[in-house]
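Chemist: please find the sequence and the predicted model below.
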Amino acid sequence: MDEKTILLVEDNEKDEALILRALKKNNIGNEVAICRDGAEALEQLSRPDAPLPQLVLLDLKLPKIDGLEVLQQIRANPRTRLLPVVILTSSNEENDRLKGYSFGANSYIRKPVDFIEFAEAVRQLGLYWLIMNQPPPFDRTS
Amino acid sequence: MSTLPSNLLERYAVALQSHLTNPDDTALTRAYELGRSALDDGLGVLDMATLHAEALRIAAVHGAPAAKPVEADKAAEFFIESLSPFEMSLQGYRESNARLTALNEALDQARIAAEEANRELESFSYSVAHDLRAPLRSIDGFSQALLEDYNDKLDGEGKQYLRFVRESAQQMAQLIDDLLNLSRVTRSELKRETVDLSVLGRGILAKLARREPGRAVTTTVQDGMTAEGDERLLGVVLENLLGNAWKFTGKRGDATIAFGSKVSGGLVTYFIRDNGAGFDMAYADKLFGVFQRLHGTHEFEGTGIGLATVQRIIRRHGGRIGAEGAIDQGATFTFDLGGKAFARMKA
């Protein structure tokens, strides 16, 4: 279980606190690495010595490099191209959803304002992506 | 040329012969007039050249010595005069073409400016959606955190206040979403496709019934109502109108909702009728305004943007919408989707 880390790419520290709280409430004890902007996330994922996370939770509106660009770069890199990426954003703009899926997002979740719904969304995300979903076989040699 | 009016050749030949034998300005005026009428008949310069050659041949047969240089000059002079209306019209064409080009350029500039404004509006809407929702999520989330983690430190009133904070945050989130929908309705491109309103309406009513399984509502939807329009936007119309009918019959045990259509003068009119709370006709003109509500939120929830959105969609389709009602006597919303060609009934 401790190997399965989550990479949370989120610039809003209050949203981060709410997501962490929702994870804790739902007894999802996986380690969560946090990146505050797109550049930091890409840097973290390209470190060859660091193991890849089980799941990336990606906000779209991010400083430096935005979420859609981060997603494109994740998919362009052979090491991370199969990594499960879930977009977790305020936006439900058609264009964002279209681009998100076109660039290879595994899922697209709009953050609900109602915290009880938000906590439920986080619970289901954790259950599905960390427990039910079988991750892709990563090529350890690359 | 088979398209040459026969008497034109005759008139041209006679006038030309007269000019060759007795050259004067009257004959040249005739040439100009003949050219003018040929132009009006839609003839081109090649037709004129053919006409001129024919007329010259006829003149030669009738004894005019066309071969001599002086007569050739006269013939040429006559021909040139007959062609001058063409030249003038070509000139006019060039001028209006230049004016059109200038107008097109101005239009192009306006289009670029409009596109720019649209892009700005889009990025504004984007910010509204993204940036205004984030703080609301914090307000709601941390209020809930207080309710959960500091439950024993709060008395009943304190908890009630926090619930009010959460309710307001969620209400504002709904307002933002509804406003965004309203602006999207105006921005998005209008598709024209055949839409089965009966199927669409039944689906919406079934969804409403699933959401509130405790309600007993008698619904009737006429079969085979098809319309030409944008399926997604017409879905928004029906969701709002049927949703309203559902909502405002909430306090009745014998709620009925009917969705049907009528044809008069070739125009199809659709109606959605309920026997719910209704409204005072004195405020009918306020129904479709943004943020206008005829009921308090404690009575019936809502943001007051739904009917404004509906009206915008109907107007974009070239149609009209109206409402009739009386307090506690129900309401009937009637709309059409514009011209006869735009809305029709399946036979």
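Modeler: Nice, I can see it.
Chemist: all strands of chain A, in order?
Modeler: A:6-9, A:32-35, A:55-58, A:85-89, A:107-110 (DSSP state E).
Chemist: what angle do the longest helix along chain B and strand A:85-89 make?
Modeler: Counting residues, the longest helix found in chain B (DSSP state H) is helix B:69-149. In terms of direction (axes from the mean of the first three to the mean of the last three C-alpha atoms, to 10 degrees), helix B:69-149 departs from strand A:85-89 by 90 degrees.
Chemist: does stretch A:112-130 reach chain B?
Modeler: Yes - on the criterion C-beta under 8 Å from any C-beta of the partner chain, stretch A:112-130 is in touch with chain B at A:112-116, A:118. Bear in mind the C-beta positions are built from the backbone N, C-alpha and C, glycine included.
Chemist: quick check: the most centrally placed residue in chain A vs chain B, distance?
Modeler: The centroid of chain A falls nearest to residue A:57 when counting by C-alpha atoms, centre = their mean (1.4 Å). Distance, residue A:57 to chain B, using C-beta to the nearest C-beta, to the nearest Å: 15 Å.
Chemist: just list whatever residues bridge to that residue.
Modeler: Counting by DSSP bridges, residue A:57 is bridged to residue A:8, residue A:86.
Chemist: contact partners for it?
Modeler: Applying C-beta atoms under 8 Å, 6 or more residues apart in numbering or on different chains to residue A:57 gives the contacts A:6-10, A:19, A:86, A:88, A:125.
Chemist: report the contact partners of residue 74.
Modeler: This is for chain A. Contacts of residue A:74 (C-beta under 8 Å, 6+ apart): A:42, A:45, A:56, A:80-81, A:83, A:85.
Chemist: can you look at chain B instead?
Modeler: B:19-20, B:23.
Chemist: let me know the pLDDT of it.
Modeler: Listed pLDDT for residue B:74 reads 80.
Chemist: likewise residue B:129?
Modeler: For residue B:129, pLDDT reads 71.
Chemist: repeat that for residue B:14.
Modeler: Looking at residue B:14, its pLDDT is 88.
Chemist: and what of residue B:299?
Modeler: 69.
Chemist: what about residue 108, how many neighbours?
Modeler: Reading this off chain A. Neighbour count for residue A:108, taken as other C-beta atoms under 10 Å in any protein chain shown: 19.
Chemist: meant chain B, my bad for not saying
Modeler: 10.
Chemist: ok, the one 10 residues further on next?
Modeler: Using other C-beta under 10 Å, the number of residues around residue B:118 comes to 11.
Chemist: OK, contacts around the nearest residue to it once chain neighbours are set aside?
Modeler: Leaving out its chain neighbours, the residue that sits closest to residue B:118 by C-beta to C-beta, 6 or more residues apart in numbering or on different chains is residue B:187, at 6.9 Å. By C-beta under 8 Å, 6+ apart, the residues touching residue B:187 are B:118, B:121-122, B:125.
Chemist: any chance of these in JSON lines with pLDDT as columns?
Modeler: Putting the contacts of residue B:187 into JSON lines (pLDDT from 0 to 100) gives the following:
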{"residue": "B:118", "pLDDT": "79"}
{"residue": "B:121", "pLDDT": "77"}
{"residue": "B:122", "pLDDT": "73"}
{"residue": "B:125", "pLDDT": "73"}
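Chemist: what's the lowest-pLDDT member of the contacts of residue B:74?
Modeler: In terms of pLDDT, residue B:23 ranks lowest among the contacts of residue B:74, with 82.
Chemist: show me which residues of chain B sit near chain A.
Modeler: B:125-126, B:129-131, B:133-134, B:136-138, B:140-145, B:166, B:169-170, B:173.
Chemist: make a ChimeraX selection of the buried ones in those.
Modeler: Per 16 or more other C-beta atoms under 10 Å in any protein chain shown, the buried members of the residues of chain B next to chain A correspond to this ChimeraX selection:
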select /B:125,126,129,130,133,134,136,137,138,140,141,142,143,144,145,166,169,170,173
